[in-house]
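**Student:** 3D, please:
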Amino acid sequence: MRVVGLSGLVALCGVVALSVGCPPEDDGNGEGEGEGEGEGEGEGEACIPCGEIDLAGTCEGTDAVFCVDECLVRLTCGNFGETAVAGSCEVYPAWGAWCAFAVGQPCVYTGAGAEPEAETTFACVDDDAACIDGVCAAGVGVCTPQQPPRASCATEDIRSSECTPWAQHVGSACAADEICDNAVCIDRPGGEGEGEGEGEGEGEGEGEGEGEGEGEGEGEGEGE
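**Tutor:** Model (predicted):
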């Protein structure tokens, strides 16, 4: 899973599922018919100039707004995706304005114009949360971004495939009978053998103690 850079958001333009407000593609047709009524076959809206907003962008309420190819791009984080997920906008020093979602909410969205199967990863509101199996998970811990991205163990139970520019892990949870070791989920060691050994040892010890005590008491009484 790769984090899509801001320049890659040009491919997201016009994708309603991602709630992206982008300029239309220039097809050279200019204005359309029915100009007086606001209807026609031509382009419905023009490129909105960026003004003072740059690529890093800014937050306008819950919207993340930034500049791509000299046109303003707006992500409606507060009403995001086909299911209208209620996210927020955060500005990250090493990245810029971006959508962030609460623990338990999706953080990966699929679908992007020319690349229908592309996945875009967004942030989680809590700094120590992480995007695990496509959902924001609590308490995973922050990470240090690396180039090129490098896999690691975020926790004993979570394998991280990379660290985002906003210092959050992106990865997947190991199976219930696995742990993460050296950036790989492996079978969890131990278990049944240790439990059986402890049970047998305790049982034998109790039995021997009771037998010795009864024998000594009877012998002393008869001799006197």
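**Student:** From now on I want contacts and neighbour counts done on CA atoms only, so please keep to that.
**Tutor:** OK.
**Student:** residues contacting the closest residue to V184 other than its chain neighbours?
**Tutor:** Of all residues not flanking V184 in the chain, R159 sits nearest, at 6.7 Å (Cα to Cα, 6 or more residues apart in numbering). Counting by Cα atoms under 8 Å, 6 or more residues apart in numbering, R159 touches 151-153, 171-174, 180, 183-185.
**Student:** Could you dump those residues into CSV with pLDDT added?
**Tutor:** Shown next, in CSV, are these (pLDDT from 0 to 100):
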residue, pLDDT
A151, 96
S152, 96
C153, 97
G171, 97
S172, 98
A173, 98
C174, 98
C180, 97
A183, 96
V184, 96
C185, 97
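**Student:** Distance to A94 for those - can I get that in JSON lines?
**Tutor:** Output for the contacts of R159, formatted as JSON lines (distance: Cα to Cα, whole Å):
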{"residue": "A151", "distance to A94": "20"}
{"residue": "S152", "distance to A94": "21"}
{"residue": "C153", "distance to A94": "23"}
{"residue": "G171", "distance to A94": "20"}
{"residue": "S172", "distance to A94": "24"}
{"residue": "A173", "distance to A94": "26"}
{"residue": "C174", "distance to A94": "29"}
{"residue": "C180", "distance to A94": "28"}
{"residue": "A183", "distance to A94": "25"}
{"residue": "V184", "distance to A94": "28"}
{"residue": "C185", "distance to A94": "30"}
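**Student:** Which strand or helix spans the residue nearest to V184?
**Tutor:** Element membership of R159 [criterion: DSSP states H and E] is strand 158-163.
**Student:** Give me the sheet partners of that strand and which way each runs.
**Tutor:** Partners of strand 158-163 in the sheet, by DSSP bridges, are strand 152-155 (antiparallel), strand 169-173 (antiparallel).
**Student:** Run through the bridge partners of the residue nearest to V184.
**Tutor:** Beta-bridge pairing for R159 (DSSP bridges): C153, S172.
**Student:** Give me the distance between it and L75.
**Tutor:** Using Cα to Cα, to the nearest Å, one obtains 29 Å as the distance from R159 to L75.
**Student:** before we move on, back to that, among the strands paired with strand 158-163, show me which one is buried the most.
**Tutor:** Of all those, strand 169-173 carries the top mean neighbour count, a mean of 25, counting by mean count of other Cα atoms under 10 Å.
**Student:** Convert that strand to PDB, retaining C-alpha atoms only.
**Tutor:** Output of strand 169-173 as PDB, limited to C-alpha atoms (Å, rounded to 0.1, in the frame of the first residue of the first chain):
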ATOM      1  CA  HIS A 169       2.100   3.500  10.600                       C
ATOM      2  CA  VAL A 170       0.300   1.900   7.700                       C
ATOM      3  CA  GLY A 171       0.100  -1.900   7.900                       C
ATOM      4  CA  SER A 172      -1.900  -5.000   8.900                       C
ATOM      5  CA  ALA A 173      -2.500  -7.000  12.000                       C
END
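**Student:** immediately after it, which helix or strand?
**Tutor:** Next along the chain from strand 169-173, counting by DSSP H and E, comes strand 178-181.
**Student:** Brilliant, that's me finished.
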